[in-house]
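Trainee: Quick one, structure for this:
(2 chains)
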Protein chains: 2
Amino acid sequence: DAINASGSTAAAGTITQSRTHTCGELRPELSGTPVVLHGWAHAVRNAGGVVFVLLRDRFGITQVTINDSCPEKTQKQAQAIRLEYCLEVRGTVQLRDENVINDDMETGRIEVLAHDVSILSRTKSLPFLIAEPTKQQINQGYAEATEETRLKFRYLELRRARLQRNLMIRHKVMLHVRQFLDALHFVEVETPVLTKATPEGARDYVVPSRVHSGRWYALPQSPQLYKQLLMISSMDRYFQITKCFRDEDLRQDRQPEFTQIDMEMSFVKRENVMSVAEELIRSTFKSVMDVQLPEAFPVLAYDEVMRRFGVDAPDLRFGMELVDLWDVESEFAPISSAKALADGAVKAFVVQSHASAATRKVLDGYTEFAKQYGLSGLLVGKVDESGALTGPLSKMADRVSPAQLVDRVRAAPGDLILCAAGRLSAVNAGLGRLRAKLGRDLDLISQAASPYAMCWVVDFPLFEYDEEAGRFNSVHHPFTSPVPEHVDSLQRGEKLAELKAAAYDLVCNGSEIGGGSIRIHDVQLQQRVFSALNINATEQQDKFGFLLDALRFGPPPHGGLAFGLDRLIMILTRSESIRDVIAFPKTASASDLMVGAPSVIEASQLEELHVQNVLSSPEM
Amino acid sequence: DAINASGSTAAAGTITQSRTHTCGELRPELSGTPVVLHGWAHAVRNAGGVVFVLLRDRFGITQVTINDSCPEKTQKQAQAIRLEYCLEVRGTVQLRDENVINDDMETGRIEVLAHDVSILSRTKSLPFLIAEPTKQQINQGYAEATEETRLKFRYLELRRARLQRNLMIRHKVMLHVRQFLDALHFVEVETPVLTKATPEGARDYVVPSRVHSGRWYALPQSPQLYKQLLMISSMDRYFQITKCFRDEDLRQDRQPEFTQIDMEMSFVKRENVMSVAEELIRSTFKSVMDVQLPEAFPVLAYDEVMRRFGVDAPDLRFGMELVDLWDVESEFAPISSAKALADGAVKAFVVQSHASAATRKVLDGYTEFAKQYGLSGLLVGKVDESGALTGPLSKMADRVSPAQLVDRVRAAPGDLILCAAGRLSAVNAGLGRLRAKLGRDLDLISQAASPYAMCWVVDFPLFEYDEEAGRFNSVHHPFTSPVPEHVDSLQRGEKLAELKAAAYDLVCNGSEIGGGSIRIHDVQLQQRVFSALNINATEQQDKFGFLLDALRFGPPPHGGLAFGLDRLIMILTRSESIRDVIAFPKTASASDLMVGAPSVIEASQLEELHVQNVLSSPEM
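Mentor: The predicted structure is shown next:
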């Protein structure tokens, strides 16, 4: 590898620590070898005067045995060992007796007979056990510590094998991404953290300037404009794995600071960026997880994706696609109301063999779920064993026969049909998210051909009309280029709602893991977009003057993409919480419970920064 | 390499862009090959209807020729090309005529005869030329743009070859460091940017919390405590290349945000960390710059370094060591005053063959320089051709002979002697820094055996007494362990001023490029240090409670080190300014002139953050 190739660090492995081996590497071949191990007492068992210690470090667990053949001092010392004490063990590797070989442990065929055990440090009573409770234990009523406790003592939770593995995978992914992109002549360039507010749509975190009274830095929501400027600086291929910041109300899968794999390339078309990004992901899955992804990811148009799945990040691990029932004639009130809307829709999907499991209570749950997305309810149908349609949906079959309706959605006896009628956006969101939820809840996922279903989504709209504000917004960001065939229309300011963006999202298992676009490199076109977004000339100059300036100095055509690293690692490690892939995460209220941040700071410091707190209610 | 080893990206080099070659790679072997190039017009010359364009991209420069054998449309297009226009050129490689071969250019034996030239974007008139002026041009009065202009148009300055090379080297160093440490089982772990104030001594940048009114995050001055907590979490070997933040008044070589290569290891002694760090640096110099550093860097004790060089980061590329003249008897007033001090000193150094060049004006300059460091003046002596001592220093020879004094400092005819008497700290600082300055100014450096003189400095004091505040401060930081043989003395609270720290600095060419220590892992010892620093129990709990807590859960012995990446890259690229190794640096007043940060933000945003500006004078 790279290190051995340099030929200069042959001895580095042995010069770095006083241990001879880690707790993960001893094997029967080393029987008789004297060793020095360091680690923590993962388990301690005293069996009739013989003390067994499972010594754990980041690399594994090794059994240390102290019996009456050991020096008396060592036997005495062994009696003092408690859980999680930090130890140095000097001893000799020996084969275990046949009857105590444990092939579930990598070191399960040996043990270390200790000559000497030193207690490097002691441990007060633990707030929770390091060995993570199994699902079975939890089901049996084992009381796992609260997440609050685990975050407060995060350094102890990080001793758990699962979190250690997650951080290792994260490290390996970051290194692989860097090596991969370096080989393609991408250059990692660090962009500023103390910068100017960017227009990514979320709130900025801001920092008062001590030197410039009344002025503030913003922490970047992304390095978007800096990477475009790097293209203008002829950097050709840029990447960076970097922290980004958004002051949003946090959901389970968001953090105020998150990590992005950020890329940009010059002289490219959409396909070029997508090829590099796809190959990067394929190579990362292969290299880090030994997972072979398909040779080519499907590329789906936004319109098709919305039609078939109702959401723009479809989970392709299972079917249950939405069926459009718009043209099914019916006088049934919910249907006819929907048909009266300018943007009405009637769609349905079929849950196979789920009719009998879908009790009233279960269906009420589905309805409540769907209502969150603006639906007034669900029209439920069940196909009974004889093939007949029952339930409220059957009322829709007033102009066609129930059998025709059942056939139309391709339902079979025993299937459940979930139908929605209303505004298209509500029908898509409600059914689309219900489909995704049922895919997980009913474990359709485990039947998938591959655990990872990747696809590209392209041809997003460039703008969306905000009815409340009475103007257009960018669907991505205002630097996104339209597809080449729509440039003229944008230049003329025509058909804005119909323009497609040269943007692309990479979706895995129903989550967007990356997204990007070809950027605008024509200054007039960029101004055209700002105008379309109702950003007037003064505001354009104030916020984006430096970009507009830069676009006047020979900008190359360019485009790029950013991956959300946290999300990617969640997928690779099959973690359910983003907090499981970040060493020191924040809570949903953006607090660091371990160090106690944010915290009160001294008045003199605020004074120096030309700011003061404005407290609505007195606070300690 | 890593990419080819994965076997999956064989085609990635060709799928990424529509060019066939970069502007740096065409060679005579490719004569006759049709090519597509992208780049900028670095120079345009029109010679009797034949247009020559030097086309530049990040990879090099290639000459494009448009003559009367080219299509008419192309000839016409060529007339429109101006400096820095962004171009696509389609053409055929051909050998240059013998008489126009340019062996100073890597592509100087070929040219590309253009079939087609497309202008991808135009350029308004440039604020400065991309081709950096040579020293000769500057000496001839060529007006280089001001730094302010160059920072405002940083994306243009970044097109310059020197800055491109600096950023490439920075990228290669970062990648190499990561590969090196990965091979030694270090894990890169990202630590938070939104965190709690750390006690590094400088001012923090702070961020108001929207959710927790009146509370603030601090940006980290270093990940010090997080990396110690990672050791307690059994991470074993951690590293991170990360941004750190200090709100200090900036000098030429400081930036408000800077990058650190941060490392920490468990179960180590000082020598272990030093070995890894030294090998990391050696391997980086070899791999990135093909520079072979010595097999072992000298290790010097702090006391010796201060005695010989007056500063704790000695430049070992030249001699001119300080000579202690304390025991030379003299009644000369400056000497006898110094001797009367409790902490007096008399030291000198010799500048070889510099007596005649050291005019009154030159010597006044030296004196002014030395006075900055608290000296009242310099005692200057010159050794004339006959070996006699002249100048004020000769008055010191009232109890010994002038010849004895000359002999004592080992001066020879033609040498200049610079002597200082006063408080030890002023004598050391004044002479030490003057020595370093003269080493550069008199270009003693270029005579060095190696351009890089590395050394370790160890055995720093643990504490220094602050006379003004009447208490001890940490010389490094309060988590630094004393050397093992001084632990007992610290536990007893004895001889605090004499304790040595288990700390180490790596010095290159008179600059500290890295530093670290073995940390305290014993909670009582840590509390002992806090008490020695007059941090009372309440404050200990408030600021460092989480660390003291963590030290009660089996902390391993651990230690680490951090390198200043910016400084390291300055040394590797021989840059004189830190701004030459950072893509988007800030000015001395911490401004980003390109994007205009810091800037005024909206009142509504401040309100949401529960803060308001307190302006001493109205500001726009």
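Trainee: My understanding was that residue A:381 contacts residue A:390; is that so?
Mentor: Yes. Between residue A:381 and residue A:390 there is a contact under Cβ atoms under 8 Å: 6.9 Å. To be clear about C-beta, it is placed using only N, CA and C from the backbone, and glycine gets the same treatment.
Trainee: For the stretch 51-200 of chain A, give me the ranges with low pLDDT.
Mentor: Applying pLDDT under 70 to the stretch 51-200 of chain A flags the ranges A:198-200.
Trainee: Now do the top strand by length along chain A: distance to the chain's middle.
Mentor: Longest strand in chain A, counting residues (DSSP state E): strand A:34-47. Between the centre of strand A:34-47 and the centre of its chain there are 37 Å (Cα atoms, centre = their mean, to the nearest Å).
Trainee: buried set for the helix or strand following that strand?
Mentor: If you walk from strand A:34-47 toward the C-terminus, the next helix or strand you reach (DSSP states H and E) is strand A:50-57. For strand A:50-57, burial by neighbour count (16 or more other Cβ atoms under 10 Å in any protein chain shown) applies to A:51-57.
Trainee: repeat for stretch A:300-315
Mentor: Neighbour-count burial for stretch A:300-315 [16+ other Cβ under 10 Å]: A:300, A:302, A:305-315.
Trainee: related to what we said a few turns ago, tell me the strands beside the longest strand of chain A, with direction?
Mentor: strand A:50-57 (antiparallel), strand A:86-95 (antiparallel) (DSSP bridges).
Trainee: any idea of the mean pLDDT in the host helix or strand of residue A:338?
Mentor: Assigned by DSSP H and E, residue A:338 belongs to helix A:333-340. Helix A:333-340 shows a mean pLDDT of 94.
Trainee: Need the contact partners of it.
Mentor: A:326, A:328, A:330, A:344-346, A:376-377, A:379, A:396, A:421-423, A:427 (Cβ atoms under 8 Å, 6 or more residues apart in numbering or on different chains).
Trainee: In helices, which of those appear?
Mentor: residue A:427 (DSSP state H).
Trainee: which one of the contacts of helix A:333-340 sits closest to residue B:601?
Mentor: residue A:423 (37.1 Å; Cβ to Cβ).
Trainee: Leaving out sequence neighbours, find the closest residue to the closest one.
Mentor: residue A:343 (5.4 Å; Cβ to Cβ, 6 or more residues apart in numbering or on different chains).
Trainee: I'd like to know the phi and psi angles of the one you found, please.
Mentor: phi -120, psi 50 (degrees, to the nearest 10).
Trainee: contacting residues for it?
Mentor: Here residue A:343 is in contact with A:423-425 (criterion: Cβ under 8 Å, 6+ apart).
Trainee: Output the below-cut-off pLDDT ranges for chain A.
Mentor: A:1-16, A:198-200, A:251-252, A:617-620.
Trainee: Walk me through the domains of it.
Mentor: Following automatic domain parsing, one finds the domains of chain A at A:19-121, A:318-447.
Trainee: Mind putting those into CSV with distance to residue A:276?
Mentor: CSV is the format used below for these (distance: least, Cβ to Cβ, whole Å):
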stretch, distance to residue A:276
domain A:19-121, 34
domain A:318-447, 29
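Trainee: Ok, which of those comes nearest residue A:222?
Mentor: domain A:318-447 (25.6 Å).
Trainee: quick one: the closest one to chain centroid distance?
Mentor: So, by Cα atoms, centre = their mean, the centroid of domain A:318-447 is 30 Å from its chain's centroid.
Trainee: just the strands in the stretch 301-450 of chain A please.
Mentor: Ranges of strands in the stretch 301-450 of chain A, per DSSP state E, counting those that start in this stretch, are A:323-324, A:344-351, A:379-383, A:389-390, A:416-423.
Trainee: Switch those over to JSON lines; also include mean neighbour count.
Mentor: Below are those laid out as JSON lines (neighbours: other Cβ atoms under 10 Å in any protein chain shown):
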{"stretch": "strand A:323-324", "mean neighbour count": "17"}
{"stretch": "strand A:344-351", "mean neighbour count": "23"}
{"stretch": "strand A:379-383", "mean neighbour count": "24"}
{"stretch": "strand A:389-390", "mean neighbour count": "18"}
{"stretch": "strand A:416-423", "mean neighbour count": "26"}
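Trainee: how about the ones you listed in JSON lines, adding distance to residue A:600?
Mentor: Shown next, in JSON lines, are the strands of the stretch 301-450 of chain A (distance: least, Cβ to Cβ, whole Å):
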{"stretch": "strand A:323-324", "distance to residue A:600": "57"}
{"stretch": "strand A:344-351", "distance to residue A:600": "52"}
{"stretch": "strand A:379-383", "distance to residue A:600": "54"}
{"stretch": "strand A:389-390", "distance to residue A:600": "63"}
{"stretch": "strand A:416-423", "distance to residue A:600": "48"}
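Trainee: Tell me how far the closest residue to residue A:67 other than its chain neighbours lies from chain B.
Mentor: Distance criterion Cβ to Cβ, 6+ apart; nearest residue to residue A:67, sequence neighbours excluded, is residue A:50 at 4.5 Å. Residue A:50 sits at a distance of 23 Å from chain B (criterion: Cβ to the nearest Cβ, to the nearest Å).
Trainee: Contacts only, for the nearest residue to residue A:318 once chain neighbours are set aside.
Mentor: In space, and not counting its chain neighbours, residue A:318 is closest to residue A:444: 3.8 Å by Cβ to Cβ, 6+ apart. Taking Cβ under 8 Å, 6+ apart as the criterion, residue A:444 is in contact with A:317-318, A:320, A:438.
Trainee: Residue A:309 too?
Mentor: A:315, A:321-322, A:432, A:435.
Trainee: could I get these as a markdown table with distance to residue A:542?
Mentor: Below are these laid out as a markdown table (distance: Cβ to Cβ, whole Å):
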| residue | distance to residue A:542 |
| --- | --- |
| A:315 | 42 |
| A:321 | 47 |
| A:322 | 45 |
| A:432 | 39 |
| A:435 | 44 |
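Trainee: Out of those, which two are the most distant from each other?
Mentor: Among those, A:315 and A:322 lie farthest apart (Cβ to Cβ), at 12.6 Å.
Trainee: contacting residues for the nearest residue to residue A:375 once chain neighbours are set aside?
Mentor: In space, and not counting its chain neighbours, residue A:375 is closest to residue A:430: 3.9 Å by Cβ to Cβ, 6+ apart. By Cβ under 8 Å, 6+ apart, the contact list for residue A:430 reads A:310, A:370-375, A:378, A:420, A:422.
Trainee: wait, residue A:96 sits on residue A:108?
Mentor: Yes. The pair residue A:96 and residue A:108 qualifies as a contact (Cβ under 8 Å) at a distance of 7.4 Å.
Trainee: Overlap in contacts, the two.
Mentor: Any residue near both residue A:96 and residue A:108 by Cβ under 8 Å, 6+ apart counts here, and that gives residue A:102.
Trainee: Go through the buried residues of stretch A:300-315 and flag which are in helices.
Mentor: Counting by DSSP H, the buried residues of stretch A:300-315 contribute A:302, A:305-309 to helices.
Trainee: where exactly do the helices run in the stretch 51-200 of chain A?
Mentor: Under the criterion DSSP state H, counting those that start in this stretch, the stretch 51-200 of chain A contains helices at A:72-79, A:135-139, A:147-152, A:154-157, A:161-183.
Trainee: how about those helices in TSV, adding distance to residue B:359 and mean neighbour count?
Mentor: Converted to TSV, those look like this (distance: least, Cβ to Cβ, whole Å; neighbours: other Cβ atoms under 10 Å in any protein chain shown):
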stretch	distance to residue B:359	mean neighbour count
helix A:72-79	74	15
helix A:135-139	85	10
helix A:147-152	68	16
helix A:154-157	63	24
helix A:161-183	54	20
